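J.: Sequence and predicted structure are below.
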Amino acid sequence: MKLSTRMLVPPFILAAAAAFAHGDVAPQAVDTAGLPDLGEEWLEENPWRDPAGENWQAAIDIGASGYNQNCARCHGLEVVSGGLAPDLRYLSADWDGDEWYLERYRNGMTQNGITKMPAFGELLGQEAAWAIRTYVETRPDDGAFDDHQSRLSEIRDYLKTRAVEIEGGADAAALSDEVAALRSELTDINSSAETGSDAPVAESAVSRAALALDGSAQSFGKAAEILTIGLSAAN
């Protein structure tokens with residue numbers, strides 16, 4: 001199991017962080033509509049890990065919501081830990097990583113009578129568990145897009161300009177060739193990004209911008225906004 005040294009922080013810090021972060025906050029239900037029912041028996045390995053699988057993107061979208069509601073307060077936005085809790089991006093995307101994750105998710109963690117992490121298993125169920133796991137393991141590693149920052153800024157600015165032109169009456173449909181080229185370029189840039197977990201494909205602001213850019217009039221501004229937020233977070 002791949003665990004980064006960034007996850008190995010002193011126990012007293014973890015305890016303090018968890019006591020502050022969780023307190024009496026109750027786990028928030030996760031809407032898993034759109035994902036198949038996995039049954040009552042818990043699986044031992046993430047069923048939605050394959051990027052080519054039909055449920056991969058849905059699992060990430062649902063997992064992102066579930067993570068932000070229940071996990072981000074301790075483990076950080078976009079799963080980037082501030083050092084007070086394990087950085088889950090570096091939990092290996094394999095059977096060993098799943099075993100560690102599932103143990104914590106189902107049973108929580110208590111030390112010296114202090115709840116560091118509540119048990120989510122019976123409250124949220126395994127569909128939510130594996131959706132969150134899929135989201136977590138597809139986070140890009142630190143600096144994954146450093147070599148592409150300049151080009152991503154150019155694409156963002158281009159999309160902003162086109163959005164203004166379309167608002168002024170320009171025909172979005174006439175830009176279909178440009179849209180296809182930009183979607184392809186963004187997809188290629190995202191494919192170059194390494195994940196902290198060694199999952200095969202990262203899900204990021206870059207891939208989200210590519211998905212958002214569908215050629216519709218509003219998609220230019222939406223994709224630009226996604227890239228703006230992503231570039232801001234990277235800096």
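T.: Nice, I can see it. Residues are numbered from 1 along each chain as shown.

J.: Check the gap between the nearest residue to Pro47 once chain neighbours are set aside and Leu152 for me.
T.: Among residues not flanking Pro47 along the chain, Trp130 sits closest, at 6.0 Å (Cβ to Cβ, 6 or more residues apart in numbering). The way it works is simple: take the backbone N, C-alpha and C, and place the C-beta from them, glycine included. Plainly put, Trp130 is 31 Å away from Leu152 if you go by Cβ to Cβ, to the nearest Å.

J.: So which bits of the lengthiest helix in the chain are buried?
T.: The longest helix of the chain (DSSP state H) is helix 149-167. For helix 149-167, the neighbour count (16 or more other Cβ atoms under 10 Å) marks 152, 155-156, 159-160, 162-163, 166 as buried.

J.: Same check on stretch 49-64?
T.: Quick answer for stretch 49-64 (16+ other Cβ under 10 Å): 49, 55-64.

J.: Tell me who's in contact with the residue nearest to Pro47.
T.: 38, 43, 46-48, 59, 63 (Cβ atoms under 8 Å, 6 or more residues apart in numbering).

J.: Over to Asp141?
T.: 89, 193-196 are the contacts of Asp141 under Cβ under 8 Å, 6+ apart.

J.: Only the buried members of those residues: can you turn that into a ChimeraX selection?
T.: Here is the ChimeraX selection string for the buried members of the contacts of Asp141, based on 16+ other Cβ under 10 Å:
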select :89,193,195,196
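
J.: possible to save the contacts of Asp141 as a markdown table with pLDDT, distance to Asp142 and secondary structure?
T.: Listed next are those as a markdown table, based on pLDDT from 0 to 100; distance: Cβ to Cβ, whole Å; DSSP: H, G, I helix; E, B strand; the rest coil:
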| residue | pLDDT | distance to Asp142 | secondary structure |
| --- | --- | --- | --- |
| Arg89 | 95 | 8 | helix |
| Ala193 | 96 | 11 | coil |
| Glu194 | 96 | 10 | coil |
| Thr195 | 97 | 11 | strand |
| Gly196 | 95 | 8 | coil |
